[in-house]
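1. Please find the sequence and the predicted model below.
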Amino acid sequence: MPDASTVFFKQVDDVPWLDLAASSDKARPARGSSARIKWMGGDADSGPWVYSIEHPAGAIVKPHKHNARRVEYVLDGEIEFYEGDDALAWHRGDTSVQGSLHGAGTVSWVPPGTVYGYRIVSASKLLHVFFENPVGRTTHVDPQDDAGDEEEQS
């Protein structure tokens, strides 16, 4: 298996969808998510940690934070992004909170520890690149708590 010390290429159409039950060393969506994920990275221990993720329209990515730096590229579709206290208020149902809309061709950088969530406005294909392994380093936060206390890790 390739790792971060070698050059390699992968064609997204040739990579199977993750069997989440058999891939405990790979990142996984929060419980209840309808996301489909492909592992595009190399070795799970040394990286790179790259995922192709598809979300159906209307899906919700609940507020969470990573303890790993991450870049996301919107390949197709549109997302509405919420950050910090706004992400928590939005997830609680506060309709006065406005997220920012981002479509195909948009790149985002999220520093570690940043609480965020988003709504999938139209069916979306996203590419996530983590700078450290996100497995066990992602915290889903309780939207009822403005401090963003830990609820679970994945």
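-> Sure thing, it's come through. Residues are numbered from 1 along each chain as shown.
2. now the residue nearest the centre of the chain: how far from residue 98?
-> Central residue of the chain (C-alpha atoms, centre = their mean): residue 128, 6.5 Å from the mean position. From residue 128 across to residue 98, the span is 24 Å (C-beta to C-beta, to the nearest Å). In this view, the C-beta of every residue, glycine as well, is placed from N, C-alpha and C.
3. Could you pull out the helices in the chain for me?
-> 84-92 (DSSP state H).
4. per-residue pLDDT, residue 102?
-> If you check residue 102, the pLDDT there is 97.
5. list the contacts for it?
-> For residue 102, the contact set (C-beta atoms under 8 Å, 6 or more residues apart in numbering) comprises 74, 78-81, 108.
6. most neighbours, which of these?
-> Using other C-beta atoms under 10 Å as the neighbour criterion, residue 79 leads the contacts of residue 102 with 24 neighbours.
7. Compute the distance between that one and residue 112, please.
-> 20 Å.
8. And for residue 55?
-> For residue 55, the distance to residue 112 (C-beta to C-beta) stands at 23 Å.
9. just for this structure, where's the confidence low?
-> Residue ranges of the chain with pLDDT under 70: 1, 28-31, 137, 143-154.
10. burial measure for residue 92, as a count.
-> Around residue 92 there are 12 residues (other C-beta under 10 Å).
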